[in-house]
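Peer 1: Sharing a model prediction with you, sequence too.
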Amino acid sequence: PPGPDAARAVPRWQRCARWQKCCPSVPGGLLSPEVLNHDDARASLAISLRGVVKRFSSVVAVDGLDLDVPVGTCFGLLGPNGAGKSTTMRMLTGQAIADEGSIEVLGYTLPAQSKPARLRMGVCPQESNLDVDLSVRDVLDVFSRMYRVPSARRGGAVEEALEVAGQTARARGKAVPLCG
């Protein structure tokens, strides 16, 4: 049985009763075999790209990218403007479709399995790319749509997120002044 320190190893937000109700914690951690969509030798890879190409008309934004990122690795894409970093991230999150090649994230094949993959991944963009005039509620609505929360549940999910984050009173205020 886990010792008394086991509860402290789980982040506080995952121990929250509301979090456990809507997003139950996964035994073994966020990148455990229970989360990865396969049990074979590739289970050691969080991200796998093979021969990925993305074109915009005559411009080749990503040209034959091969990339493996092992599970448990903190990874960032660095490079000059126009190197294909943003395009690669959009393909990894299912927001853009590669013209050639194959992409797997946490064992899910993209774009066919982008929804379950997005439910398991966390992405921290350099910039939010959201309109500076959006309210806190509007931003949460954008993310609920991005994560394909069904329209019938969207309003309730946004209200619950506001409550969990302690931002109900700021829901109509602009999101820009909020930290992180």
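Peer 2: Received the coordinates, thanks.
Peer 1: contacts, neighbours, all on C-alpha from now
Peer 2: Will do.
Peer 1: Strands of this protein, residue ranges please.
Peer 2: 45-56, 59-70, 100-105, 108-110 (DSSP state E).
Peer 1: Hmm, Ser114 and Gly94 touching each other?
Peer 2: Yes - between Gly94 and Ser114 there is a contact at 5.3 Å, judged by CA atoms under 8 Å.
Peer 1: which intervals of this protein have sub-threshold pLDDT?
Peer 2: Counting by pLDDT under 70, the low-confidence segments of the chain come to 1-43, 124-131, 178-180.
Peer 1: Identify the residue spatially nearest to Leu162, adjacent ones excluded.
Peer 2: Leaving aside its chain neighbours, Leu162 sits nearest to Thr168 (5.0 Å; criterion: CA to CA, 6 or more residues apart in numbering).
Peer 1: Distance of the one you found relative to Ser135?
Peer 2: 12 Å (CA to CA, to the nearest Å).
Peer 1: So for Thr88, what's the nearest residue that isn't a sequence neighbour?
Peer 2: Using CA to CA, 6+ apart, the closest residue to Thr88 is Val62 (7.2 Å).
Peer 1: ok, the one you found - contacts?
Peer 2: By CA atoms under 8 Å, 6 or more residues apart in numbering, the contact set of Val62 is Val52, Val53, Lys54, Arg55, Ala83, Gly84, Thr87, Thr88.
Peer 1: can you count the residues close to the fifth one?
Peer 2: By the criterion of other CA atoms under 10 Å, Ala83 has 15 neighbours.
Peer 1: got it, and the first one?
Peer 2: Neighbours of Val52 under the rule other CA under 10 Å: 20.
Peer 1: pretty sure it contacts Glu104?
Peer 2: No - the pair Val52 / Glu104 is not scored as a contact, 11.0 Å apart, by CA under 8 Å.
Peer 1: the helices in this protein, which residues?
Peer 2: In the chain, the helices defined using DSSP state H lie at 6-9, 12-15, 17-22, 85-92, 114-120, 136-146, 151-164.
Peer 1: would you turn those helices into CSV with distance to Lys174?
Peer 2: Converted to CSV, these look like this (distance: least, CA to CA, whole Å):
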stretch, distance to Lys174
helix 6-9, 34
helix 12-15, 24
helix 17-22, 25
helix 85-92, 26
helix 114-120, 26
helix 136-146, 6
helix 151-164, 14
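Peer 1: between these, which one is nearest to Val176?
Peer 2: Set against Val176 and scored by CA to CA, those come closest in helix 136-146, at 8.4 Å.
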